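Enquirer: Build the 3D model from these lines:
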Amino acid sequence: MQTFLKLALYLHIFAGFTALVTGLVPMIAKKGGEAHILWGKVYYWAMFLVALTALIRFQMQLRLIFLSGIAVFSFYNTFTGVRLIRRKENPKPEFIDWFGATLMIIYSFGMVYFGYLALQKNNVFFTTLFAIFGIFMFVLALEDLRVFMGKKLIDNDAPVPTRYWFQNHISRMGGSYIATVTAFLVVNNPPQIPGLVVWIAPGVIGGIVIGRTRKFYRNKFKKTLG
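Expert: As a prediction, this is how the structure comes out:
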């Protein structure tokens with residue numbers, strides 16, 4: 001069993017490093033080009049292995065529980081980012097879309113629960129992290145479910161094929177990569193930087209970059225459609 005877990009750890013490290021490196025290529029490559037598609041697929045399966053091996057190595061320790069949660073959350077972003085492309089012509093959700101969003105809602109409650117357990121142990125650090133990411137997971141998955149149920153307007157200022165799937169593809173894949181960078185920094189956290197900063201800063205900085213990227217393409221689409 002220990003050998004199996006050690007192999008899972010090695011595979012987890014390899015997949016994480018692969019995702020960290022290859023994730024940059026689709027960002028800078030021509031959108032929809034061969035390099036974008038090829039390395040996007042490599043990144044997708046690397047993130048799948050990261051999540052799978054994180055679950056295999058799951059243990060009842062706050063740090064490992066949280067890292068497993070982040071791995072699953074990262075893959076959900078990757079998964080939905082790819083699903084948005086496949087559903088761009090027909091936004092109607094399939095069973096796998098409903099299943100993924102529902103599973104993430106359940107997972108978000110689990111994150112909040114473990115945050116409560118951390119609070120019981122007077123561990124403010126992990127209480128804060130579990131709460132922040134648990135709530136964020138819930139909001140993201142709930143947004144997906146509202147879209148699936150037709151309760152969220154997704155084409156309020158441009159046709160769906162040019163706006164919703166593309167804009168949210170950027171957000172989901174970007175969010176996935178932010179989580180990958182976060183995990184890398186946490187594992188290699190220099191002692192001079194407070195742990196909470198390492199956990200949260202990539203999300204703040206990455207969120208600003210994603211927001212500006214979305215705005216750039218939104219303006220570009222408006223000019224094209226105008």
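
Enquirer: would you put the C-alpha positions of stretch 63-77 in PDB?
Expert: Output for stretch 63-77, consisting of C-alpha atoms alone and laid out as PDB, is shown next (Å, rounded to 0.1, in the frame of the first residue of the first chain):
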ATOM      1  CA  ARG A  63      -3.500  20.600   5.000                       C
ATOM      2  CA  LEU A  64      -4.000  17.500   2.900                       C
ATOM      3  CA  ILE A  65      -7.700  17.800   3.000                       C
ATOM      4  CA  PHE A  66      -7.500  21.300   1.700                       C
ATOM      5  CA  LEU A  67      -4.900  20.500  -1.000                       C
ATOM      6  CA  SER A  68      -7.300  17.700  -2.200                       C
ATOM      7  CA  GLY A  69     -10.100  20.100  -2.300                       C
ATOM      8  CA  ILE A  70      -8.100  22.600  -4.300                       C
ATOM      9  CA  ALA A  71      -7.100  19.900  -6.700                       C
ATOM     10  CA  VAL A  72     -10.700  18.900  -7.300                       C
ATOM     11  CA  PHE A  73     -11.800  22.500  -7.600                       C
ATOM     12  CA  SER A  74      -9.000  23.100 -10.100                       C
ATOM     13  CA  PHE A  75     -10.100  20.200 -12.300                       C
ATOM     14  CA  TYR A  76     -13.700  21.400 -12.100                       C
ATOM     15  CA  ASN A  77     -12.600  24.700 -13.600                       C
END
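
Enquirer: Show residues contacting that stretch.
Expert: Outside stretch 63-77, the residues within contact range by Cβ atoms under 8 Å, 6 or more residues apart in numbering are 47-48, 50-51, 54-55, 57-59, 100, 104, 107, 110-111, 114, 126, 129-130, 133-134, 137, 140-141, 172-173, 175-176, 179-180, 182-183, 186. Every residue, glycine included, has its C-beta placed from N, CA and C.

Enquirer: for stretch 204-216, same thing?
Expert: Gln167, Ile170, Ser171, Gly174, Gly175, Tyr177, Ile178, Val181.

Enquirer: returning to what we had before: which of the contacts of stretch 63-77 are buried?
Expert: Listed as buried from those are 47, 50-51, 54, 57, 100, 104, 107, 110-111, 114, 126, 129-130, 133-134, 137, 140-141, 172-173, 175-176, 179-180, 182-183, 186; burial here means 16 or more other Cβ atoms under 10 Å.

Enquirer: so Phe133 sits right up against Met111, yeah?
Expert: Yes: using Cβ atoms under 8 Å as the test, Phe133 is close enough to Met111 to be in contact (5.9 Å).

Enquirer: Any stretches of this structure with poor pLDDT?
Expert: Of all residues in the chain, those with pLDDT under 70 make up the ranges 152-163, 190, 221-226.

Enquirer: Tell me where the longest helix sits in it.
Expert: Once the chain is assigned using DSSP state H, the helix that runs over the most residues is helix 195-225.

Enquirer: just so I have it, where are all the helices in the protein?
Expert: Per DSSP H, the chain carries helices over the ranges 2-22, 24-28, 34-56, 62-86, 95-120, 124-148, 164-187, 195-225.

Enquirer: and the angle for the first one with helix 164-187?
Expert: In this case it means helix 2-22. For helix 2-22 against helix 164-187, the angle by axes from the mean of the first three to the mean of the last three Cα atoms, to 10 degrees is 120 degrees.
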